[in-house]
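Novice: got a predicted structure plus its sequence, pasted below:
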Amino acid sequence: GAVVSQHPSWVICKSGTSVKIECRSLDFQATTMFWYRQFPKQSLMLMATSNEGSKATYEQGVEKDKFLINHASLTLSTLTVTSAHPEDSSFYICSAEGAPNSPLHFGNGTRLTVT
Amino acid sequence: AQRVTQPEKLLSVFKGAPVELKCNYSYSGSPELFWYVQYSRQRLQLLLRHISRESIKGFTADLNKGETSFHLKKPFAQEEDSAMYYCALVGYSGAGSYQLTFGKGTKLSVIP
């Protein structure tokens, strides 16, 4: 149980376009979802915390107008990278929490390559 | 495909007892392994990574390629160590691409 599906797993896009990444909890309701970014040879970086029905809370240094997060339902959160640039190329991963303080369930991640 | 297995969902130990949180991985190349920790009501944070070979809060982890393991150890558990621990693997493939995979996590409970 407790599966988180992230889609797509890999996307290549041209500079200036927008890319939407979906994070779905398949068999539980996720009150909170987290979006992270992984840079090569570095540890995971939390980008934002998303609660269903409310605005996401962004970490310092993360541009909220560039990384749009929508958590419209208890099973779906989306991250849209707007006007993507090559420096946005990275590995993005989401995690979902069924209840406060419960274990995190991670998606398989999305590899974004901006050319 | 890469995979991370944490066989124990919950581990309870008494304060002062040794702790070992198990992590096994499956990956064909040379992986980079991490341990992340989430304390109650706090965000996920990096505990340690194998390439740094350091000890954080008394925890150590050695990459054993023969056994494909990266177990987290501490000789004497403290109550403040109670948390969720996640093992993670980054696998690098060609052309600079990589993938991050997390284990399901182990909840460590240290009994006073």
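Specialist: That came through, no problem.
Novice: distance check, B:Q42 against A:M33.
Specialist: 17 Å (CB to CB, to the nearest Å). For every residue, glycine as well, the C-beta is placed using N, CA and C.
Novice: pull up the pairing partners for the lowest-mean-pLDDT helix or strand in chain B, direction included.
Specialist: Sorting the helices and strands of chain B by mean pLDDT, DSSP states H and E puts strand B:98-102 at the bottom, at a mean of 88. Strand B:98-102 has its sheet partners listed here by DSSP bridges as strand B:83-92 (antiparallel).
Novice: enumerate the residues of chain A near chain B.
Specialist: Taking CB under 8 Å from any CB of the partner chain as the contact definition, chain A meets chain B at A:34, A:36, A:38, A:40-41, A:43-44, A:46, A:49, A:91, A:93, A:95, A:100-101, A:103-106, A:108-109, A:111, A:113.
Novice: residues touching the least confident helix or strand of chain B, excluding its own?
Specialist: For strand B:98-102, contacts defined as CB atoms under 8 Å, 6 or more residues apart in numbering or on different chains pick out A:38, A:40, A:44, A:91, A:93, A:95, A:104, A:106, A:108-109, A:111, B:2-4, B:36, B:86-93.
Novice: next one: stretch A:69-83 to chain centre, how far?
Specialist: Counting by CA atoms, centre = their mean, to the nearest Å, stretch A:69-83 is centred 7 Å from the centre of its parent chain.
Novice: before we move on, what about stretch B:21-28?
Specialist: Distance of stretch B:21-28 from the chain centroid (CA atoms, centre = their mean) equals 9 Å.
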